[in-house]
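Colleague: Provided below for reference: sequence and predicted model.
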Amino acid sequence: MAGTTCGADRPVRTIAVLNQKGGVGKTTTAVNLGAALAEAGRRVCLIDLDPQAHLTLHLGIDISPDGHSVYDLLIDPACEVTHCLVRARESLDVIPAEVDLAGAEAELADHPDRQRLLRHKLAAFTDSYDFVFVDCPPSLGLLTLNALSLAGEVFVPMQAHFLALQGVGKLLQTVQLVRRSVNPALQVTAIVVCMHEAQTTLAREVIADLDAFFDAARSQEVPWRNCRVLRPPVRRNVKLAEAPSFGKTIFDYAPWCAGANDYRKLAERLVAETQQLPAAPEIVTLPASTAPQERVPVAAEPPPRISTAPDPVQ
């Protein structure tokens, strides 16, 4: 897949890849969607914000004893982005993680602006890229709040299972709260269906429920009003599971397998829609959308199997 870099007047898309459930394809999506965009000639930066450092391992990055990671970027005021940056592939840069990141939340407990540290450090730096993906930990803690403060968009990788619908509802609640308190511009713009088994009735029903839910939200002032289920879904493919053990993207490991082809097609869609975006850096939504008004969001009426209502007080 070939292509040219987006024009300088196009907005950088800063995307938090988030799901509060683990094992749903979050890191796989961040790595391989980023790699597919880099393969297309886009400038991409991946930020590993998960203390498990799976994105860093997936790309075969080994931090030297005197090297720096996103942990240093958050903890050390003197650490600059350029100290941490690793060129992983052509057009693909990475800010890696290490296990020390697990202690960052406790170490930053007394910092007055701890939820926006990443945003302050990367404010000018992200303009060097067309896409920035932040691989979030599977929990809503300080690290995830830093990612959501930085990002303009949230992509939600998920499997087409019934319980996943409930998880999406909870995640949307979380984004709505973050939007009110930390980042008013934050929007959920895409669901990426991973490990998809198209032949099952359940998978088809879950995707239909998601489509109906987001269609119903188009006229509502909610952070997911512009969200859609990205096509194609990423098929279940053993090559995607094997690639990290070799420190490779799917395009290094099995460039024409089903998983690689699916991520290429997703990247093509993102490139096409980004080329149509207005030349305003703060606008990162689909071209047909309008920016939401700054007022308290009102939840759209969901289909029966997706609920964004808060849990009852016990």
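Modeller: In hand now; what should we look at?
Colleague: so what's the residue count around residue 199?
Modeller: By other Cβ atoms under 10 Å, 7 other residues sit near residue 199. Every C-beta, even on glycine, is put in place using the N, C-alpha and C of the backbone.
Colleague: ok, now the one 3 residues further on?
Modeller: The burial count assigned to residue 202 is 11, neighbours taken as other Cβ under 10 Å.
Colleague: swap in residue 109?
Modeller: The number of residues packed near residue 109 is 9, by other Cβ under 10 Å.
Colleague: ok, residue 146 next?
Modeller: Neighbours of residue 146 (other Cβ under 10 Å): 30.
Colleague: quick one: stretch 215-228 to chain centroid distance?
Modeller: Here the centre of stretch 215-228 is set off from its chain's centre by 18 Å, with Cα atoms, centre = their mean, to the nearest Å.
Colleague: that stretch: end-to-end distance?
Modeller: In stretch 215-228, first residue to last residue: 8 Å (Cα to Cα, to the nearest Å).
Colleague: was I right to think residue 43 contacts residue 90?
Modeller: No - with contact defined as Cβ atoms under 8 Å, residue 43 does not count as touching residue 90 (10.2 Å).
Colleague: ok, the closest residue in space to residue 225 that isn't next to it in sequence to residue 177 distance?
Modeller: Nearest residue to residue 225 in three dimensions, chain neighbours excluded: residue 217, at 5.1 Å (Cβ to Cβ, 6 or more residues apart in numbering). Here residue 217 is placed at a distance of 17 Å from residue 177 (Cβ to Cβ, to the nearest Å).
Colleague: out of the two, which sits in the more crowded spot?
Modeller: Neighbours were counted for residue 217 and for residue 177 using other Cβ under 10 Å; residue 217 has more, 22 against 14.
Colleague: retrieve the pLDDT associated with that one.
Modeller: pLDDT, the model's per-residue confidence, is 94 for residue 217.
Colleague: how much space between it and residue 189?
Modeller: Residue 217 sits 12 Å away from residue 189, going by Cβ to Cβ.
Colleague: could you do residue 129 as well?
Modeller: 17 Å.
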